[in-house]
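[1] I need the structure of the sequence given here:
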Amino acid sequence: MLFPFYGLAALALAFSAEAQLPTVQAREQMLVLLERGALYRDRVDWRGLRRDLANTPDPQRQRTLLVNAIQRATAGHGFWLSVEEANNRSERVSATQQGPTSSSASGIASTTVKLDPRLGMIVIGPYRTDRRLSEAQQSAQGRQWALNLQTAIRQQDDGKRCGWMVDLRRNRGGNMWPMLLGVGPLLHGSADESKPVGHFNDGRNAQPWYYRNGAVGAGDQLHYALGTAAYVLKRSGSPVAVLQSGATASSGEAIALSLRGRPNSRSFGFPTAGYSTGNSPVTLVDGSLLVLTGTVMKDRNGMGDGARIVPDTPSRDDADIERAAQQWLLAQPACTGKRETTVAPLPINVSR
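    Alright, predicted model coming up:
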């Protein structure tokens with residue numbers, strides 16, 4: 001599964017004078033997939049939509065009908081791209097793809113508040129797959145991206161780091177699996193990797209997703225593996241502060257959920273974008289692309305409703321986010337050297 005997020009405006013792509021449409025066969029395939037598998041399929045009158053499409057000769061109007069139906073059935077997270085649009089998007093991905101960076105190289109991390117040298121910080125930006133590549137090439141590219149992120153963690157982990165910040169403030173989404181693989185060393189809060197760190201739920205079944213032994217997947221399906229020894233923190237129980245914003249969306253929200261409920265973790269910032277739902281890309285018979293929203297994402301404890309994720313500690317601005325996160329980390333037993341006491345778990349905040 002992928003978790004793309006492009007914003008509602010991107011769903012209504014600028015139409016050319018001749019609106020691009022799926023073939024009749026691809027259109028029916030798309031409607032069947034949406035009617036049977038879209039998360040909010042009950043919000044659309046599918047019989048009425050088919051009737052309107054059949055009675056509408058204007059391509060622009062047909063495209064509008066399809067876009068509106070997809071928006072309703074997926075709450076604005078799914079979309080359709082023609083072959084040309086999908087190729088153009090892949091070209092942009094190839095030209096702009098950026099890997100994860102450590103705080104020292106990031107343009108947004110710790111620019112307002114100087115980072116205490118006892119703390120580590122990683123920035124997880126969006127990761128988007130170039131679908132023009134072969135599956136093997138896509139896998140190799142995602143694996144290298146994740147390895148770069150684990151390397152950023154390893155380079156900072158000198159044995160003196162007593163806490164970590166994970167910055168998701170500009171993560172608008174893409175493919176969640178390289179992100180999850182890269183942040184793996186920080187996910188569990190202990191040496192035990194047997195438990196899942198999140199779930200997909202389609203309303204009937206829950207499918208756990210996991211990080212263990214340098215690999216990530218969901219259920220019985222393996223998505224990515226490093227192919228080399230995964231990095232293990234020198235202090236596996238170090239506290240983690242998650243920085244989030246209104247721009248944290250889709251797979252960015254998946255990573256936020258993966259860290260929620262982790263022992264010694266807390267989130268800071270602003271409510272996320274509210275696209276914490278699972279997408280699957282489907283290539284239709286004419287080569288066009290439907291991104292189908294079919295699941296709600298939940299954290300390791302089964303909490304989540306596809307809505308905005310409210311931080312444990314709300315903030316006023318970026319400086320306040322970084323300052324509060326740093327103060328909390330430095331007050332934890334791992335940083336103070338004081339003996340840890342048992343405290344009641346924080347309430348889960350999920351809200352539109």
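[2] And the helices in the stretch 101-250 of the chain, which stretches?
    135-156, 176-182 (DSSP state H, counting those that start in this stretch).
[3] Can you tell me which of the ones you listed is packed in deepest?
    Counting by mean count of other Cβ atoms under 10 Å, helix 176-182 has the highest mean neighbour count of those, with a mean of 29. Quick note: C-beta positions are derived from backbone N, CA and C, even for glycine.
[4] That one - contacts with which helices or strands?
    In terms of contacts (3 or more Cβ pairs under 8 Å, 6 or more residues apart in numbering; DSSP states H and E), helix 176-182 is packed against helix 135-156, strand 206-212, strand 215-218, strand 221-225, helix 251-259.
[5] Redo the ones you listed as TSV? Include mean pLDDT and distance to R51.
    Output for the helices and strands packed on helix 176-182, formatted as TSV (pLDDT from 0 to 100; distance: least, Cβ to Cβ, whole Å):
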stretch	mean pLDDT	distance to R51
helix 135-156	94	39
strand 206-212	96	35
strand 215-218	96	37
strand 221-225	95	38
helix 251-259	98	36
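[6] out of these, nearest to R172?
    Proximity to R172 (Cβ to Cβ) singles out helix 251-259 among the helices and strands packed on helix 176-182, at 6.3 Å.
[7] and that closest one, what does it pack onto?
    Applying 3+ Cβ pairs under 8 Å, 6+ apart, we find helix 251-259 packed against helix 176-182, strand 198-201, strand 240-244, strand 265-269, strand 289-298.
[8] possible to save these as TSV with distance to Q156 and mean pLDDT?
    Below are the helices and strands packed on helix 251-259 laid out as TSV (distance: least, Cβ to Cβ, whole Å; pLDDT from 0 to 100):
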stretch	distance to Q156	mean pLDDT
helix 176-182	14	97
strand 198-201	25	97
strand 240-244	13	98
strand 265-269	18	98
strand 289-298	28	97
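[9] Indicate which one of those is closest to D312.
    Proximity to D312 (Cβ to Cβ) singles out strand 265-269 among the helices and strands packed on helix 251-259, at 4.8 Å.
[10] sorry, back to before: now for the helices of the stretch 101-250 of the chain, which one comes closest to H77?
    The minimum distance between H77 and those falls on helix 176-182, with 13.3 Å, by Cβ to Cβ.
[11] coming back round to it: and of the helices of the stretch 101-250 of the chain, who's closest to N201?
    helix 176-182 (15.4 Å).
[12] In JSON lines, list the helices and strands packed on helix 251-259 along with distance to L168.
    Shown next, in JSON lines, are the helices and strands packed on helix 251-259 (distance: least, Cβ to Cβ, whole Å):
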{"stretch": "helix 176-182", "distance to L168": "9"}
{"stretch": "strand 198-201", "distance to L168": "14"}
{"stretch": "strand 240-244", "distance to L168": "5"}
{"stretch": "strand 265-269", "distance to L168": "9"}
{"stretch": "strand 289-298", "distance to L168": "14"}
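[13] Which of those sits closest to A26?
    Of all the helices and strands packed on helix 251-259, it is strand 289-298 that lies closest to A26, at 8.6 Å by Cβ to Cβ.
[14] Let me have the helices of the stretch 101-250 of the chain in TSV, extended by distance to L289.
    As requested, the helices of the stretch 101-250 of the chain are exported to TSV (distance: least, Cβ to Cβ, whole Å):
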stretch	distance to L289
helix 135-156	14
helix 176-182	18
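[15] The ones you listed: which one's closest to D42?
    Comparison of the helices of the stretch 101-250 of the chain against D42 by Cβ to Cβ identifies helix 176-182 as nearest, at 26.3 Å.
[16] now for the helices and strands packed on helix 176-182, which one comes closest to G174?
    When the helices and strands packed on helix 176-182 are compared by Cβ to Cβ, helix 251-259 sits nearest G174, at 5.6 Å.
[17] wait, which of the helices and strands packed on helix 251-259 is closest to S251?
    helix 176-182 (3.6 Å).
[18] how far does the closest one sit from the chain's center?
    9 Å (Cα atoms, centre = their mean, to the nearest Å).
[19] now S90, what's its secondary structure?
    State at S90, reduced to three classes by DSSP: H, G, I helix; E, B strand; the rest coil: helix.
[20] neighbours of it, just the number please.
    Using other Cβ atoms under 10 Å, S90 has 18 other residues around it.
[21] quick one: it and V83 touch, right?
    No. Using Cβ atoms under 8 Å, S90 makes no contact with V83, being 10.7 Å away.
[22] Can you give me the pLDDT of S90?
    pLDDT recorded at S90 is 75.
[23] how far away is it from Y224?
    19 Å (Cβ to Cβ, to the nearest Å).
[24] go on, Y210?
    For Y210 relative to Y224 (Cβ to Cβ), the value is 12 Å.
[25] Also P126?
    According to Cβ to Cβ, P126 stands 16 Å off from Y224.
[26] From what I see, L21 and T56 are in contact.
    No. Counting by Cβ under 8 Å, T56 is not a contact partner of L21; they are 10.9 Å apart.
[27] what do these two both touch?
    Q62 (Cβ atoms under 8 Å, 6 or more residues apart in numbering).
[28] quick one, which of the two is more surrounded?
    The neighbour count for L21 versus T56, taken as other Cβ under 10 Å, is higher for L21 (18 against 14).
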